[in-house]
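Participant: The following comprises the amino acid sequence and a computationally predicted model.
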Amino acid sequence: MLDIIAIDAALAGTPFAGKMHHFSTIDSTNTFAMGEARKGAPHGSFYVADEQSAGRGRSDHRWHSAAGDGLYLSVLLRLEIAAAELAWVPLLAGLATHRAIADTANVAADLRWPNDILIGGSKVAGILVEAPHEAGLLKPLVVGIGINIHQRGFPPDLATPATSLDLATGRRGSRQRLLVALLQSLHVELAHLEAGRKAALATIPARVEAVSTWVRGRMVEVHGPQACTGLTAGLDAAGFLLVSTASGLVTVTTGGIREAQGG
């Protein structure tokens, strides 16, 4: 069970202190958080569920969310960020998630653009960023993060093989410790943005490349509207993936990537 008082104390000094909403079960923390955003819920509000009956990933993929097995979290952020900079938010969340997993599980993980964390080629975490349609510079964003912790098995029809932190490390992890580490890591990312947005965003490509084997020199298949096959060539100035194909350089702005057969 999550100890809300202890979590709140550990988050003192962050925008998340005193803003936890916990559910034993819910359809989707992201769906609920989107509704709360439209009602004016404050920056830093976060929503944690023990179980989701309709957890969602990108492209309407379902996120396997069995009771007590994983961390199912959505964070509401209200950021002063231009629309053209929104592509950086999943990568910021990915960096925070990667750091939290490394700090708590002491396991090597890989960040697959734009929103997946893998261990040994199997997916352990995913990120879904959604934005209610509102005008103005202060953008409400919902950052949904799902991390597999205690699972011992997964549905057989997943697009990417899955794993859990327990399976990867051989020991039982702490959902509460991971939650606190993740929010503290996200706080660090947000503090960097507040100190200097453009300077902080400019560091992201190198930081992502340092923890990812996917953004440069990997033969991939791009799925989605820009379907193609080619060699990844880094990130552009907006956070989009560059892929060198037989017909030229493609800037991938949407969709996902998988390793190309024989790549």
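Facilitator: Received it, and whenever you're ready, just let me know what you need.
Participant: Poorly predicted segments of the stretch 51-200 of the chain, please.
Facilitator: 55-67, 133-138 (pLDDT under 70).
Participant: Run through the helices of it in chain order.
Facilitator: In the stretch 51-200 of the chain, the helices defined using DSSP state H, counting those that start in this stretch lie at 88-105, 165-169, 175-195, 197-202.
Participant: Tabulate these (CSV), appending mean neighbour count and distance to residue 213.
Facilitator: C-beta here means a position set from N, CA and C on the backbone, and glycine is covered the same way. Below are these laid out as CSV (neighbours: other Cβ atoms under 10 Å; distance: least, Cβ to Cβ, whole Å):
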stretch, mean neighbour count, distance to residue 213
helix 88-105, 23, 12
helix 165-169, 19, 16
helix 175-195, 19, 21
helix 197-202, 14, 22
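Participant: Save those as CSV, and put in distance to residue 38 too.
Facilitator: CSV is the format used below for those (distance: least, Cβ to Cβ, whole Å):
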stretch, distance to residue 38
helix 88-105, 18
helix 165-169, 33
helix 175-195, 22
helix 197-202, 25
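Participant: wait, which of those helices is closest to residue 2?
Facilitator: Residue 2 lies closest to helix 175-195 among the helices of the stretch 51-200 of the chain, at 5.4 Å (Cβ to Cβ).
Participant: helices and strands around that closest one, which ones?
Facilitator: Judged by 3 or more Cβ pairs under 8 Å, 6 or more residues apart in numbering; DSSP states H and E, helix 175-195 is in contact with helix 4-10, strand 70-80, helix 88-105, strand 138-148, helix 197-202.
Participant: Could you rerun that using 10 Å?
Facilitator: helix 4-10, strand 46-49, strand 70-80, helix 88-105, strand 138-148, helix 197-202, helix 204-210 (3 or more Cβ pairs under 10 Å, 6 or more residues apart in numbering; DSSP states H and E).
Participant: Can you tell me which of the helices of the stretch 51-200 of the chain is nearest to residue 123?
Facilitator: Of these, the one closest to residue 123 (Cβ to Cβ) turns out to be helix 165-169, at 11.2 Å.
Participant: what residues does the closest one touch?
Facilitator: 69-71, 101, 104-109, 119-120, 122, 124-125, 147-154, 171-175, 178 (Cβ atoms under 10 Å, 6 or more residues apart in numbering).
Participant: repeat that with 6 Å
Facilitator: Helix 165-169 is contacted by residues 105, 107, 119, 149, 150, 172, 173 when judged by Cβ atoms under 6 Å, 6 or more residues apart in numbering.
Participant: If any of the residues you listed are buried, put those into a PyMOL selection.
Facilitator: PyMOL command restricting these to the buried ones, with burial defined by 16 or more other Cβ atoms under 10 Å:
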select buried, resi 105+119+149+150+173
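Participant: In CSV, list the contacts of helix 165-169 along with distance to residue 49.
Facilitator: Below are the contacts of helix 165-169 laid out as CSV (distance: Cβ to Cβ, whole Å):
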residue, distance to residue 49
105, 21
107, 24
119, 23
149, 13
150, 15
172, 20
173, 18
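Participant: with the contacts of helix 165-169 in mind, which one is nearest to residue 217?
Facilitator: Among the contacts of helix 165-169, residue 119 lies closest to residue 217 (Cβ to Cβ), at 20.2 Å.
Participant: ok, that closest one touching residue 109?
Facilitator: Yes - using Cβ atoms under 6 Å, residue 119 is in contact with residue 109, at 5.2 Å.
Participant: mean confidence for stretch 2-16?
Facilitator: For stretch 2-16, the mean per-residue pLDDT is 97.
Participant: my bad, stretch 223-242
Facilitator: 94.
Participant: What residues of that stretch count as buried?
Facilitator: By neighbour count on 16+ other Cβ under 10 Å, the buried set for stretch 223-242 is 223, 228, 229, 230, 232, 233, 235, 239, 240, 241, 242.
Participant: And the furthest pair within those residues?
Facilitator: Largest separation among the buried residues of stretch 223-242 by Cβ to Cβ: 229 and 239, giving 21.6 Å.
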